[in-house]
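In: Sequence plus predicted model, see below.
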Amino acid sequence: MDTPSEFQPAAPASPELRQSAFLSNDVRRGRHSRAYSRFVSLMKFLLPVVALLLIALIVAWPHINTGDIGFR
């Protein structure tokens, strides 16, 4: 009946266990954070470029000569 719950938390982990868990999480985050940082840097450049291209296409669309192909 002494199971941990939100009202009765488990006993804190030993300092050695916390230190090893912290280091392993830190190492895992280090590998992922570099890839994530590259992704964020790429998106900071790519998303505004795509937005500008879409705006330019919307503005230029009526001026593109389609040869006035209508119903015949």
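Out: Right, received. Where do you want to start? Numbering: from 1, shown residues only.
In: what residue ranges in the protein score low on pLDDT?
Out: 1-11, 13-32, 66-72 (pLDDT under 70).
In: Next, Pro12: secondary structure please.
Out: coil (DSSP: H, G, I helix; E, B strand; the rest coil).
In: Run a quick neighbour tally on it.
Out: 8 (other CB atoms under 10 Å). Bear in mind the C-beta positions are built from the backbone N, C-alpha and C, glycine included.
In: next one: Ala51
Out: Ala51: 10 neighbours (other CB under 10 Å).
In: Then Val49?
Out: 9.
In: again with Met43
Out: By the criterion of other CB under 10 Å, Met43 has 11 neighbours.
In: what's the distance between it and Tyr36?
Out: 10 Å (CB to CB, to the nearest Å).
In: cool, and Ala51?
Out: Taken as CB to CB, the span from Ala51 to Tyr36 is 22 Å.
In: cool, Leu52 as well?
Out: From Leu52 to Tyr36 the distance is 25 Å (CB to CB).
In: mind checking which helix or strand Asn65 is in?
Out: Using DSSP states H and E, Asn65 falls within no helix or strand.
In: So what's the residue count around it?
Out: Neighbourhood size, Asn65 [other CB under 10 Å]: 5.
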